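Participant: got a predicted structure plus its sequence, pasted below:
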Amino acid sequence: MARLRPGRLIGWIAGGAVAVVVLVVAGAFIYIHFISGPAPAPLSLKSASTPSATSAPSATATQPASNPGTLAGSWHVAAGSIVGYRVDEVLAGQNNVAVGRTGDVAGTMTVAGTKVTRAAFTVQMATIRSDESQRDAQFNGRIMDTAAYPTATLTLTDPISLSPVPAAGVIRTYHATASLTMHGHARPVAFTLSAERTSTGIAVSGSIPILFADWNIANPSFAGFVTTQNHGELEFLIKLSS
């Protein structure tokens, strides 16, 4: 049996390594673009209002002639609410967006006059799911340790003025400050949200930038195969009924 010369052997090994890399990259490309498909669009309000109706509240904003009514009272999370994460990742050299979501959300919001005076929401972390079971296993294990930290909570820390109260179907943007407790750590957060009065209640959407280190969350990167940035987004679409 003929022996391979050292140079030829190295060539075979190098060629095999290149072939493996090509197969891995090609496989990732096929999975992302043809099997998995594009990531879900960011959570947002979908309204019949014209684009010009979407604006920040102001004293000069145009209001419909009809009485917009009152929002005062207690509001509760309703069916159709969604909370999740959005993180940019590189999967075997291919850019991808990892998205995980859950509808297991609970909470209440209180409006007194034209101000949101209280709001608190709780998410069951172990129910968050993406399109990849291995990603979910990493999320529930080393990344978020959902067994030790089963819930995340968002609690409003400053009132939000709704004045002037918009009519149904008009989307307004508001600034909010809150305390986000996640992975056993509570941190102040500030973010912009959009809100709309609907035929069944109130819908609120937005996103909160998350720097993983602030909550002592392990970087989602895994074994050199998946790499991510050091931050992501917590996104939400909350539907409320009285």
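Facilitator: On my side now, so go ahead. Numbering: from 1, shown residues only.

Participant: alpha carbons only for contacts and neighbour counts from here, please
Facilitator: OK.

Participant: for the protein, which spans come out with low pLDDT?
Facilitator: Applying pLDDT under 70 to the chain flags residues 1-37, 47-69, 92-93, 223-225.

Participant: for it, which segments count as strands?
Facilitator: For the chain, the strands defined by DSSP state E occupy 73-77, 82-91, 94-102, 105-112, 115-124, 151-156, 160-161, 171-182, 185-197, 202-211, 226-228, 231-241.

Participant: for residue 219, which of the ones you listed is the nearest?
Facilitator: strand 226-228 (7.3 Å; C-alpha to C-alpha).

Participant: helices or strands up against the closest one?
Facilitator: strand 82-91 (3 or more C-alpha pairs under 8 Å, 6 or more residues apart in numbering; DSSP states H and E).

Participant: could you redo the last one with a cut-off of 10 Å?
Facilitator: strand 82-91, strand 94-102 (3 or more C-alpha pairs under 10 Å, 6 or more residues apart in numbering; DSSP states H and E).

Participant: which parts of that strand are buried?
Facilitator: Going by neighbour count (16 or more other C-alpha atoms under 10 Å), the buried part of strand 226-228 is 226-228.

Participant: from these, which is closest to residue 80?
Facilitator: Nearest member of those to residue 80, counting by C-alpha to C-alpha, is residue 228, at 29.3 Å.

Participant: find the nearest non-adjacent residue to that closest one, please.
Facilitator: Excluding its sequence neighbours, the residue lying closest to residue 228 (C-alpha to C-alpha, 6 or more residues apart in numbering) is residue 89, at 4.3 Å.

Participant: identify the residues contacting the closest residue to residue 90 other than its chain neighbours.
Facilitator: Closest residue to residue 90 apart from its sequence neighbours, by C-alpha to C-alpha, 6+ apart: residue 227 at 5.2 Å. With contact taken as C-alpha atoms under 10 Å, 6 or more residues apart in numbering, residue 227 is in contact with 88-93, 95, 219-221.

Participant: go through these and give me the one with the most neighbours.
Facilitator: residue 91 (23 neighbours; other C-alpha atoms under 10 Å).

Participant: pretty sure it is in contact with residue 135, am I right?
Facilitator: No: the pair residue 91 and residue 135 does not pass the contact test of C-alpha atoms under 10 Å, sitting 11.5 Å apart.

Participant: so what sits against both of the two?
Facilitator: Joint contacts of residue 91 and residue 135 (C-alpha under 10 Å, 6+ apart) are 98, 222, 226.

Participant: just give me the neighbour total for the first one.
Facilitator: Put plainly, it is residue 98. 21.

Participant: okay, and the beta partners of it?
Facilitator: For residue 98, the beta-bridge partners under DSSP bridges are residue 87.

Participant: list the residues that contact it.
Facilitator: Residue 98 touches 38-40, 85-91, 130-132, 135, 228, 232, counting by C-alpha under 10 Å, 6+ apart.

Participant: what do you get if the cut-off is 8 Å, keeping everything else the same?
Facilitator: 39, 85-89, 130 (C-alpha atoms under 8 Å, 6 or more residues apart in numbering).

Participant: export these as JSON lines, with columns for distance to residue 173.
Facilitator: Formatted as JSON lines, the contacts of residue 98 follow (distance: C-alpha to C-alpha, whole Å):
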{"residue": "39", "distance to residue 173": "25"}
{"residue": "85", "distance to residue 173": "21"}
{"residue": "86", "distance to residue 173": "21"}
{"residue": "87", "distance to residue 173": "24"}
{"residue": "88", "distance to residue 173": "25"}
{"residue": "89", "distance to residue 173": "29"}
{"residue": "130", "distance to residue 173": "28"}
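
Participant: just how off-centre is stretch 127-145 within its chain?
Facilitator: Centre-to-centre, stretch 127-145 and its host chain are 14 Å apart (C-alpha atoms, centre = their mean, to the nearest Å).
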